[in-house]
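1. Make a model of this:
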Amino acid sequence: MLVQRMITILGRLIFYMLLLPLLVGVIYTLAHDQWLAALILMILSLLVLYKGLIRLTIPANSLVLREGKVIFFIPEKTVRDRFDFASRGQTIVQMPHFGLLDRPYRLEIISPGSSKELISCQLSLTLGYNLELPALQLAYDNFILYQDQLSLVVKRQLFKSSANLTLPADPLPENEDTAAFLQPLVTELNLGLENLGLKIESATCKFTTGPTLVRFIAVEQEIVEKSILPGKAAQN
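-> Got it, this is the predicted structure:
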């Protein structure tokens, strides 16, 4: 994504902005027989070279690939030897962190209850990666295909899957029973997310009941709904 590319470019710029002045300083001090200053600058140059060229900081949610094929997934931030990866022909690709960058995805399901009232479940979903190798390959392929549009693609898929969801009739669950109540909904939504290599890590729901319910649609949700329902867009 754009943010990740900007962070990578900024890191490389900082590396060269530190290294070049140090090398110039080493040459200058050696030329003027300033041995102590030259030694200090050499040590600093070696440290910068180590941190910039040899030590590889791998961010969380990164995939290790060889020739476009996913080998394994690195969930947590770690430090490795850059030449170890290069010698094996491996590359690192940081995947988007859905829970952090995109915030929980939100869906609203409205169904009739048993007492002639409507039930609204405002779902808040936190997504993560399916750690099985074929699913990780799917996640990478979709990331390459959609790039910055990936978040919108995920929302479209959740919106499509929500068309198959219905809430059980009254009574609504107590707080401790919410997870079991939501499990069928989560299972259905996960079926749609399989093609993206994703899964739902956690789900919460805010329930509302009443004879009528009014929904205020956010602009972003309206764009998603119109992109999936062309007939609706034409009517508007």
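
2. Which other helices and strands does whichever strand or helix holds residue 22 contact?
-> Counting by DSSP states H and E, the element that carries residue 22 is helix 2-31. Applying 3 or more Cβ pairs under 8 Å, 6 or more residues apart in numbering; DSSP states H and E, one finds that helix 2-31 makes contact with helix 35-49. From N, CA and C alone the C-beta is placed, and that goes for glycine too.

3. Please state the offset of the helix it packs on from the chain centre?
-> 39 Å (Cα atoms, centre = their mean, to the nearest Å).

4. got the contact list for that helix?
-> 15, 18-19, 22-23, 25-26, 29-30 (Cβ atoms under 8 Å, 6 or more residues apart in numbering).

5. buried set for that helix?
-> 38, 41-42, 44-45, 48-49 (16 or more other Cβ atoms under 10 Å).

6. Could you turn the buried ones of the contacts of helix 35-49 into a PyMOL selection?
-> Those of the contacts of helix 35-49 that count as buried under 16+ other Cβ under 10 Å are selected in PyMOL with:
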select buried, resi 18+19+22+25+26+29
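
7. Just the closest of the contacts of helix 35-49 to residue 109, please.
-> Of all these, residue 15 has the smallest distance to residue 109: 49.4 Å, by Cβ to Cβ.

8. so what's the nearest residue to that closest one once chain neighbours are set aside up against?
-> Leaving aside its sequence neighbours, residue 15 sits nearest to residue 52 (Cβ to Cβ, 6 or more residues apart in numbering; 3.9 Å). Neighbour list for residue 52: 15, 18-19 [criterion: Cβ under 8 Å, 6+ apart].

9. what separates the helix or strand hosting residue 190 from the chain centre, distance-wise?
-> Using DSSP H and E, residue 190 sits within helix 178-193. How far helix 178-193 lies from its chain's middle: 20 Å, per Cα atoms, centre = their mean.

10. How about stretch 40-60?
-> On Cα atoms, centre = their mean, the centre of stretch 40-60 falls 28 Å from the chain's centre.

11. and the helix holding residue 190, which residues are buried?
-> So, applying 16+ other Cβ under 10 Å, buried residues of helix 178-193: 178, 181-182, 185-186, 189, 192-193.

12. again with stretch 147-158
-> Across stretch 147-158, burial judged by 16+ other Cβ under 10 Å covers 150-151, 154-158.

13. quick one: average confidence on stretch 165-174?
-> When pLDDT is averaged along stretch 165-174, the result is 67.

14. How about stretch 65-73?
-> The model assigns stretch 65-73 a mean pLDDT of 86.

15. Endpoints of that stretch, how far apart?
-> Stretch 65-73 has an end-to-end distance of 9 Å (criterion: Cα to Cα, to the nearest Å).

16. Over to stretch 92-105?
-> 27 Å.

17. Could you number the chain from 547 rather than 1 from now on?
-> New numbering, starting at 547: the last item is stretch 638-651.

18. Where does the residue located most distally from the centre of the chain sit, in terms of helix or strand?
-> Distance to the chain centre peaks in the chain at residue 579, reaching 53.1 Å (criterion: Cα atoms, centre = their mean). Assigned by DSSP H and E, residue 579 belongs to neither a helix nor a strand.

19. thinking again about what came up before, what helices and strands are in contact with the helix holding residue 736?
-> strand 664-675, helix 696-708, strand 744-756.
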